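Student: Quick one: sequence plus predicted model below, questions after.
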There are 2 protein chains.
Amino acid sequence: MGCAPMGHVLYDEAMRYNPKNPFWFNRDRFVLSAGHGCMLQYALLHLAGYDSVKQEDLKEFRQWGSRTPGHPENFETPGIEVTTGPLGQGIANAVGLALAEKHLAARFNKPDNEIIDHYTYVILGDGCQMEGIANEACSLAGHWGLGKLIAFYDDNHISIDGNTEIAFTESVDSRFEGLGWHVIWVKNGNNGYDDIRAAIKEAKAVKDRPTLIKVTTTIGYGSPNKANSYSVHGSALGAKEVDATRQNLGWPYEPFHVPEDVKKHWSRHIPEGAALEAEWNAKFAEYEKKYKEEAAELKSIINGELPAGWEKALPTYTPESPADATRNLSQQNLNALAKVLPGLLGGSADLASSNMTLLKMSGDFQKDTPSERNVRFGVREHGMGAICNGIALHSPGLIPYCATFFVFTDYMRGAIRLSALSEAGVIYVMTHDSIGLGEDGPTHQPVEHLASFRAMPNILMLRPADGNETAGAYKVAVVNRKRPSILALSRQKLPQLPGTSIEGVEKGGYTISDNSTGNKPDVILIGTGSELEIAAKAADDLRKEGKAVRVVSLVSWELFDEQSEAYKESVLPAAVSARVSIEAGSTFGWEKIVGAKGKAIGIDRFGASAPAGKIYKEFGITKEAVVAAAKELI
Amino acid sequence: MGCAPMGHVLYDEAMRYNPKNPFWFNRDRFVLSAGHGCMLQYALLHLAGYDSVKQEDLKEFRQWGSRTPGHPENFETPGIEVTTGPLGQGIANAVGLALAEKHLAARFNKPDNEIIDHYTYVILGDGCQMEGIANEACSLAGHWGLGKLIAFYDDNHISIDGNTEIAFTESVDSRFEGLGWHVIWVKNGNNGYDDIRAAIKEAKAVKDRPTLIKVTTTIGYGSPNKANSYSVHGSALGAKEVDATRQNLGWPYEPFHVPEDVKKHWSRHIPEGAALEAEWNAKFAEYEKKYKEEAAELKSIINGELPAGWEKALPTYTPESPADATRNLSQQNLNALAKVLPGLLGGSADLASSNMTLLKMSGDFQKDTPSERNVRFGVREHGMGAICNGIALHSPGLIPYCATFFVFTDYMRGAIRLSALSEAGVIYVMTHDSIGLGEDGPTHQPVEHLASFRAMPNILMLRPADGNETAGAYKVAVVNRKRPSILALSRQKLPQLPGTSIEGVEKGGYTISDNSTGNKPDVILIGTGSELEIAAKAADDLRKEGKAVRVVSLVSWELFDEQSEAYKESVLPAAVSARVSIEAGSTFGWEKIVGAKGKAIGIDRFGASAPAGKIYKEFGITKEAVVAAAKELI
């Protein structure tokens, strides 16, 4: 209730939106980073005339199948831009939304037609301010000079455990000034409407820096007994206190009742919103007439349609192509795709030269060069992921990618999970994907990470083995705009294997070589990524001894699961229980593939610092181990 | 090489340590947060006379089995306090080390005998500074007034991707002043030895705040062609440039050769260190004479021996005990254990009242009340985990616990993995462990988290079902001082089940009820945590229909895996393929337990916002589903 004045001024006065088309491209974006206060946003959407939140939806708050869940979900409720709740994510998403606006404006605006021109507003609380991800993202927002990002900091001194004095006594103002923000303090946020208006005006006038408006409020303002208390943080007031609050505020109406004069006051947003969009549509028509090519490109970003034939840009490889690390092959794909996908942009968390993510055609997205497409995130993995979620959810045609070492997905898992939940099709380019990275040792060597993402809903975990599979992984990642993809890529050189293909990757699992007949191999060897080569070599040896051996690449378990039973049977016939898998990662989950009688070769301990070849040998991730296991099973 | 002067002044002048006993309790702690520069620390340990880094160890840098791995590992090299490498962790660990010192000093020091009195020094770089975890931990350090924490910020303007100008232009000084730190700037870090000495002196004089000493340096200082370049960040100079650097610095000696005068200069640290420890031992003897009780308690913290009979404090329950949420039962355990384990301390990331982690016997650890044992971490999960790692690695007898909602392990996974890798026996109290938390919805409902930790090496994932199992989980967690534990606990009430036991939990998996004979049940029902109740009820129904049903609690897969084959066969006989598991989480990995013919009931999508009962029903996590699955298999 302390945030109500900010919310009111934003939705009733400051923001430009069209309630009847929540997806109007040039709308101002609003993010409630303090997502637990979502009832306020639902109420504002309702008052503003959004069809997604009717009176009956408000009554269904936090109920099964309702459009008013316990935290705001963009995929449930049009008008909600991003899913929030996990603290700190929303402000970082907002940095992504503001980045997208700045980038697109720089690319497409013309001196006579500023077709892209909107603000990004946020409300965040003390909880968000304490989270490291918020500091990461806000440091970047300051660095990039995102002048159209305006964040309200609801400074109510209360978090769940009580007064923020117990754990949060830093000077947020000094910190944000250090981060390069413009800071304004509204001392009476409970009813200082004019101060809030003036602050927004001032924020808009500061064009080279984002603005933090610190609004000092009382949590549960209006509640005579529970205001300024942590007991209202995540809990309802209770019927008795609601009554007392109504009386205190002089509010005589029934629950959920919107008085006629209030309705009348807010009703103007429907025609005004329609007019705003119509005006913009006319502006776009002008733009299209004058700047045909740019308009077509912008349209594809607005509607998310991939250009016809884009996939022809994907590089192809033959077994004769030179051996290479899949991280390098990934860069070939990124650079090829950037030419045909106008919405592709991204970068790395200070590892561009290791992750191989630079687009050679482009410069750096920076404060003064915002039309460029290489984004430098610094060593800020969590912020990077959440910023990419914001970019992805800004426009259907924006395809953000971001990169670090695979092991550091641990730093950004909160954001990755939100990509999956909120249907943000971010491409995660994760290199150095196993003990194969060698000398950097166990802190840098992922072990359990493949399993941990295979267990996560709505995300594609892809581990390509060579050039064709890397191209296939990119094809899958680009097509899946509502499902993020993680590409696990090698640091070390890998050969181009006979039998790999883009089409195979699209099926998740497929046979790359087989000398059996009648779908009855003596043994099936299954590998992923850098270990597919080992499986293939083991097969060669076994075949020399007269065995019928099939080699299967299981590049994406999720995609394979989605295939028909007949197809799956054609790759992994139920009757063949002699199965050996090899993957330089945890064997957890592999039982499902190799069965109780099969053998999973992997690593179920932490790695070690040494040259890669030595580590593989010491941990028994070798051709010899595969051959021996296969012979035991045949 | 830019850090060499700081390192030199620290190890040769400022720090008190005993090279021949790296574990001397009152030593100053040093953390190289910028862990990639570990060769400097190895060289300093070698010069100082530590047996863990001999000349031959230096030659084995980054080789298999060496004590000089690619990043510093506390479990490989005595003298290394904490494992670093993943950026930002080290500075947060250092906050934990300094917290431990401040807490223990407040508890045990006497006006006439300040038995605990050491500093914690850190070197961190630009990479650490960008990480959100560092800001979280440093905000707490400022809040707690950790005056004996002295951090050197190696301000070399270079990170892997090049000049920090591309992504890091904030004012670190302003930010740290905002965080409540004392900030000193040493402008010439390359050879300003006196300035560094003066800064340390000044830092020590500021007792109510931690100090950041910003030391402006040149990366690769001394290298004529590669100094001040990102190319020296993670890579070796190369033989030619090493030669040029030697010439430039006027260093005529062979590689790894330590000249006699240098040896002689450093040789004093062995007798001086021995004297420091002897002096302290004498002081401790005095202390012991005068303060017998305190000395005994402190000794147990120093040597990590658990008090005899401590486990008798664990509460016990009968089926008649009232139903309760395991988060509440967890609080009963924590409060019971705090009385018998002097080293137990911890808290929550602003969810103490939800996680139920407050110790009722204690007040809050705060700047002016540091002897208290309830730690208020604020909404800083990642920082919290890393601080607890620091506490755990300060003294063998300190047992830190920390808490948040289970889903937010995603925010702190980087720190949790380091607990597992660096053998820090932190207890992670993770409540609201499934869709059973209800209305908060999918952002707050863990799904894949159990699987993700079961796949992680050297960590115990425990999901107790009731009071006895919660007590068992705590017993396991306390005993395992070199292996962290995660306790997944329910928000919702659960009954006390017949057949559960502490001893059962210690085996990881065990039978809680069975009406079969000869180890041949018709079906085995397997559950964990809140779903064990459902399995038990389904068994009741099936038994009424004459079936022989065994119910197994699989509370910790890791512990069960470690049991003898005979024991495992006695619980899950190979001959019984009719197995049904039920767990409100991803079914990923369960194939190993239920086999190809069994059935795993779980949830392989994101949850939803609604009352818990409704969600269980809609997702089919019900007794009826278990009964139906069992009947199909029998």
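Tutor: Perfect, I can see it now. Residues are numbered from 1 along each chain as shown, chains lettered A, B, ... in the order given.
Student: and A:Gly346, bridged to which residues?
Tutor: A:Asn374, A:Tyr401 (DSSP bridges).
Student: so it makes contact with A:Thr404?
Tutor: No. Contact criterion C-beta atoms under 8 Å: A:Gly346 and A:Thr404 do not qualify, at 11.7 Å. In this view, the C-beta of every residue, glycine as well, is placed from N, C-alpha and C.
Student: can you list the domains in chain A?
Tutor: A:3-16+A:28-110+A:118-268, A:310-488, A:507-633 (the TED database).
Student: pLDDT on the last one, on average?
Tutor: When the per-residue pLDDT values of domain A:507-633 are averaged, the result is 98.
Student: now do the same end-to-end measure for it.
Tutor: 27 Å (C-alpha to C-alpha, to the nearest Å).
Student: do the same with the first one
Tutor: The stretch domain A:3-16+A:28-110+A:118-268 measures 23 Å between its terminal residues, going by C-alpha to C-alpha.
Student: Strands along the stretch 401-550 of chain A, start to end?
Tutor: Taking DSSP state E, counting those that start in this stretch as the test, the strands found in the stretch 401-550 of chain A are A:427-431, A:460-462, A:485-488, A:493-494, A:510-514, A:523-527, A:549-553.
Student: Show me what the fifth one is packed against.
Tutor: Here strand A:510-514 touches helix A:502-506, helix A:532-544, strand A:549-553, going by 3 or more C-beta pairs under 8 Å, 6 or more residues apart in numbering or on different chains; DSSP states H and E.
Student: Check chain A for its longest helix and report it.
Tutor: Using DSSP state H to define each element, chain A has its longest helix at helix A:269-290.
Student: In that one, which residues are buried?
Tutor: Across helix A:269-290, burial judged by 16 or more other C-beta atoms under 10 Å in any protein chain shown covers A:His269, A:Gly273, A:Leu276, A:Glu277, A:Trp280, A:Phe284, A:Tyr287, A:Glu288.
Student: A:Lys507 is in contact with A:Asp561, correct?
Tutor: No. Contact criterion C-beta under 8 Å: A:Asp561 and A:Lys507 do not qualify, at 10.6 Å.
Student: related to what we said a few turns ago, mind listing what's buried along the helix or strand just after the longest helix of chain A?
Tutor: The element immediately downstream of helix A:269-290 (helix or strand, assigned by DSSP states H and E) is helix A:292-303. Neighbour-count burial for helix A:292-303, with 16+ other C-beta under 10 Å as criterion, is recorded at A:Glu294, A:Ala295, A:Glu297, A:Leu298, A:Lys299, A:Ser300, A:Ile301, A:Ile302.
Student: For chain B, give me its nearest residue in chain A.
Tutor: When scored by C-beta to the nearest C-beta, chain A has A:Gly132 as its residue closest to chain B, at 2.2 Å.
Student: Next up, the contacts around that residue.
Tutor: A:Gly88, A:His382, B:Glu131, B:Gly132, B:Ile133, B:Ala134, B:Asn135, B:Glu136, B:Arg380, B:His382, B:Gly383 (C-beta atoms under 8 Å, 6 or more residues apart in numbering or on different chains).
Student: returning to what we had before: between A:Asp561 and A:Lys507, point out the one with more neighbours.
Tutor: More neighbours surround A:Lys507 than the other of A:Asp561 and A:Lys507, with 20 against 13 (other C-beta atoms under 10 Å in any protein chain shown).
Student: Contacts only, for that one.
Tutor: A:Leu559, A:Phe560, A:Gln563, A:Tyr567.
Student: Quick check: the gap between the first one and A:Leu494.
Tutor: It stands for A:Leu559. 21 Å (C-beta to C-beta, to the nearest Å).
Student: Please apply the same query to the second one.
Tutor: Noted for A:Phe560: a distance of 21 Å to A:Leu494, by C-beta to C-beta.
Student: ok, these two, which is more surrounded?
Tutor: Shown here are A:Phe560 and A:Leu494; by other C-beta under 10 Å, A:Leu494 has more neighbours (25 against 20).
Student: Surely the more buried one touches A:Glu531?
Tutor: No. A:Leu494 is beyond contact range of A:Glu531, at 9.7 Å (criterion: C-beta under 8 Å).
Student: count of neighbours near A:Glu562?
Tutor: 12.
Student: typed the wrong thing, it's A:Ala141
Tutor: A:Ala141, neighbours per other C-beta under 10 Å, totals 30.
Student: Just confirm it is within a strand.
Tutor: No. Remark: A:Ala141 does not belong to a strand; assigned using DSSP: H, G, I helix; E, B strand; the rest coil, it is helix.
Student: for it, what are its contacts?
Tutor: So A:Ala141 contacts A:Val95, A:Ala98, A:Leu149, A:Leu179, A:Trp181, A:Pro210 (C-beta under 8 Å, 6+ apart).
Student: and which of the contacts of A:Gly132 is nearest to B:Ser609?
Tutor: A:Gly88 (20.4 Å; C-beta to C-beta).
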